[in-house]
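> Here is my input, please return the structure:
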Amino acid sequence: MVQSLNTKVDFITDATAFTGLTDYGKIMIGDKGFEFYNSRDTRKFVQIPWEEVDYVIASVMFKGKWIPRYAIQTKKNGTFTFSSKQPKKVLREMQEYVAPDHMVQSLGFFDVIKRAFKTMGKKK
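Model prediction:
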C-alpha cells in the first residue's frame, strides 16, 4: 500500500482520473496535497503536493451549474484531468490551498472557435 502525503484529510469522494485509460477510485484532499487512489489497483495512484500545483483548470458549463471535469496543471509533470461526483465541493476544498488567481476556468466551445478564426486571419 502507498503511503499518503497528507497528515490530515479534509475531503474524500469517488472520482475518475483520465490518465490514458480511465481509472476509477477516490480523491483525497488534505493538508499536504491532492491524491487519487485507484480502487482496483493499488499501484495506480497520483499524488500532487500543493507546492507543485501551478493551476487548477475547471471546465464550467451552463453558467456554473455543471462542472464535468477539472484539471490540475503542475509545475514539472504536466496536467492531470479528473472528474468526481461532487466537483464543486472538491474545488471549494482546493481553494484553501491554491491561490484564487491560480484557479481558472477553461475556454468554452465558442471561445475556442472564435480563437481559431482569429488565428486564421493573422496567418494570411
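
> ranges for the strands of the chain?
9-19, 21-30, 33-38, 45-49, 53-61, 66-74, 79-84, 103-105 (DSSP state E).

> Ok, which of these comes nearest V112?
Closest of the strands of the chain to V112 is strand 53-61, at 11.7 Å (criterion: CB to CB). Heads up, the C-betas are built off the backbone N, CA and C, glycines and all.

> Partner strands of that closest one, with direction?
Paired strands of strand 53-61, with direction, are strand 66-74 (antiparallel), strand 103-105 (parallel) (DSSP bridges).

> now the angle from the longest one to strand 33-38?
By that I understand strand 66-74. Relative orientation of strand 66-74 versus strand 33-38 (axes from the mean of the first three to the mean of the last three CA atoms, to 10 degrees): 110 degrees.

> Would you mark the buried spots in strand 66-74?
For strand 66-74, burial by neighbour count (16 or more other CB atoms under 10 Å) applies to I67, Y70, A71, I72, Q73, T74.

> Tell me the pLDDT of the fifth one.
Right, the one you point to is Q73. Here the pLDDT value assigned to Q73 is 93.

> any idea how far the closest residue to Q95 other than its chain neighbours is from E93?
Nearest in space to Q95, with sequence neighbours left out and distances taken as CB to CB, 6 or more residues apart in numbering, is M103 at 6.7 Å. For M103, the distance to E93 (CB to CB, to the nearest Å) stands at 12 Å.
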